[in-house]
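Asker: Quick one, fold the following:
(2 chains)
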Amino acid sequence: MKNAPNQSLPKFDKPPVTEMVIGVEFSDLSNWNIPHFGLFWGQIRNEYQHCSVNPPLDSLIEKFGAQGRQELSLKFPVVGPPDVRCWYFDKSLTWLIQIQRDRFIHNWRKTPQSSEYSRFYKIRNRFESEWRRFRDFVASESLGELEIRQCEVTYFNQIEPQGAQNLMSEFSDIFPCWSNKLSGDFLPEPEVAALKASYVIAENQGRLHITAQPVFRHADAKEIIQLQVTAKVIPASSDFSDALKAIDLGHEWAVNGFANFTSAKMHDLWERKQ
Amino acid sequence: MPFTRAQNSYHQYSAGPQWDGVTPLAQASPWLLSALRKVAELANLPEGWNGYGSPQIQQPAVERVSNVLDCLSALDLPTPQIFPVSGGGIQIELRQDQRELEIEVLPDGSIEYLLVTENGDMFEGPIPSTSRGELLCLVYKLQGNQTAAFQF
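Answerer: Residues are numbered from 1 along each chain as shown, chains lettered A, B, ... in the order given. Modelled structure (predicted):
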């Protein structure tokens, strides 16, 4: 069945997810230029009323074996127009489309108006229809071929402190891999620490990257723990149908990875159902 | 502080794919960490903090000023001074040589600036929230670079 939720994945009634991102990276659109950001906005402005400009994301393609771990391409244009990333977002401040000449990204985020986690398949369906609209625009403007190179699914989870004075002392409660045990009693609690791990997705199809760290949240000036889980998957071909399969695989790895990486105690708090 | 989002608070200067603005503490420079903690302190000021009935510092101002500080932290700058402003806003002051830049984040999250040069010339106006380019241009001028190029 198309877009059927995978029933075997862990489920939480109150997950700490605050933002979810689905994106694809493709080969540089050779004919894309600054005016196209405005032309595309004209097509979506009814739904995405606001626009802003940010620096472009670097290209980071997963590699294996003799090719190394990642192929990094930095965005420093030497000649030509500046390389930028445009954000288009709706007035509810819940949905965001990010575009640059090699990237299409769709974000959902939790807001006071939309505080329920919007489930993956809803976001995926929306991503699919927005991608088709972008693809049609690229074709109608003869901007080049959309050759998809990598797909990405990211969950940003924000975990509020449960009362400890020092955020770091909560790490071991949340992340079983962090024991906070030392070979002696000289060192105090760490002032700050970050956990960063990556895992190869079966048969070298991509990687799951997990980062857990204390962050300062701008919206309310609070120090919290943020757990970022990103699955990057190389699709079998540049066809969009293969990209969707890669996104589904990324979703499976992100959800299972999140459940594995966090403790049963926190699962109770987040009301794990399976 | 109630968690709401209002006009002008949604534009984030972002280097990554995340929409919500956050600053990783492990990567924050000492001055940024200290500045953000000052913002947290201001966010908790009670109503009437100035003795004249000023409202609390407003959430859009807190979010915006945190984002501006995060953006400025990529540059080699002197430690900024941060003050609450009557009405619920926050002001950042930067001084370098004989020049001064004041960035006032209003209660609704919009931004205004005042730049004073070494000659005493004053320039002021709003900073659009849709791009960090104009903010960076002002900082370059504070640093004495008169031909600051527009950067995204």
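
Asker: Around chain B, which positions in the stretch 151-274 of chain A sit nearby?
Answerer: Proximity of the stretch 151-274 of chain A to chain B, by CB under 8 Å from any CB of the partner chain, involves residues A:152, A:154, A:156, A:158, A:192-194, A:213-223, A:226, A:228. (C-beta placed from N, C-alpha, C; glycine too.)

Asker: Return the members of those residues classed as buried.
Answerer: Among these, the ones that count as buried by 16 or more other CB atoms under 10 Å in any protein chain shown are A:152, A:154, A:156, A:158, A:192-193, A:213-223, A:226, A:228.

Asker: Can you tell me who the residue minimising distance to the centre of chain A pairs with across the strands?
Answerer: Geometric centre of chain A, nearest residue: A:Thr154, 2.5 Å, by CA atoms, centre = their mean. Beta-bridge pairing for A:Thr154 (DSSP bridges): A:Val21, A:Thr230.

Asker: contacting residues around it?
Answerer: A:19-23, A:228-231, A:254, B:17 (CB atoms under 8 Å, 6 or more residues apart in numbering or on different chains).

Asker: By neighbours, which of those residues wins?
Answerer: Per-residue neighbour counts (other CB atoms under 10 Å in any protein chain shown) across the contacts of A:Thr154 peak at A:Ala231, which has 28 neighbours.

Asker: hmm, who's touching stretch A:238-249?
Answerer: A:6, A:22, A:24, A:26, A:124, A:127-128, A:131, A:135, A:146-149, A:151, A:153, A:201, A:205-206, A:231, A:233-236.

Asker: Who are the packing partners of the lowest-mean-pLDDT helix or strand in chain B?
Answerer: Within chain B, judged by mean pLDDT, DSSP states H and E, the helix or strand with the poorest mean is helix B:133-142; its value is a mean of 85. Secondary-structure packing of helix B:133-142 (3 or more CB pairs under 8 Å, 6 or more residues apart in numbering or on different chains; DSSP states H and E): helix B:59-72, strand B:89-96, strand B:99-105, strand B:111-116, strand B:122-127.

Asker: Can you work out which other helices and strands pack against the first one?
Answerer: Right, the one you point to is helix B:59-72. helix B:30-43, strand B:89-96, strand B:99-105, helix B:133-142.

Asker: In TSV: those, plus mean neighbour count and distance to A:Leu57.
Answerer: Below are the helices and strands packed on helix B:59-72 laid out as TSV (neighbours: other CB atoms under 10 Å in any protein chain shown; distance: least, CB to CB, whole Å):
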stretch	mean neighbour count	distance to A:Leu57
helix B:30-43	18	22
strand B:89-96	20	27
strand B:99-105	21	27
helix B:133-142	20	18
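
Asker: rank these by pLDDT, which is bottom?
Answerer: Note on those: helix B:133-142 shows the lowest mean pLDDT, a mean of 85.

Asker: residue ranges for the strands of chain A, please.
Answerer: For chain A, strands defined by DSSP state E occupy the ranges A:17-26, A:50-54, A:59-62, A:70-73, A:85-89, A:95-100, A:103-109, A:148-159, A:195-201, A:206-217, A:222-233.

Asker: Format those as JSON lines; extra columns: mean pLDDT.
Answerer: Listed next are the strands of chain A as JSON lines, based on pLDDT from 0 to 100:
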{"stretch": "strand A:17-26", "mean pLDDT": "96"}
{"stretch": "strand A:50-54", "mean pLDDT": "90"}
{"stretch": "strand A:59-62", "mean pLDDT": "91"}
{"stretch": "strand A:70-73", "mean pLDDT": "71"}
{"stretch": "strand A:85-89", "mean pLDDT": "94"}
{"stretch": "strand A:95-100", "mean pLDDT": "96"}
{"stretch": "strand A:103-109", "mean pLDDT": "96"}
{"stretch": "strand A:148-159", "mean pLDDT": "97"}
{"stretch": "strand A:195-201", "mean pLDDT": "96"}
{"stretch": "strand A:206-217", "mean pLDDT": "96"}
{"stretch": "strand A:222-233", "mean pLDDT": "96"}
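
Asker: wait, which of those is closest to A:Met266?
Answerer: Nearest to A:Met266 among those is strand A:148-159 (7.6 Å), distances taken as CB to CB.

Asker: Measure how the closest one sits relative to strand A:206-217, angle-wise.
Answerer: 40 degrees (axes from the mean of the first three to the mean of the last three CA atoms, to 10 degrees).

Asker: what's the spacing between strand A:148-159 and its chain's center?
Answerer: The chain centre lies 2 Å from the centre of strand A:148-159; the measure is CA atoms, centre = their mean, to the nearest Å.

Asker: Appreciated, that's everything.
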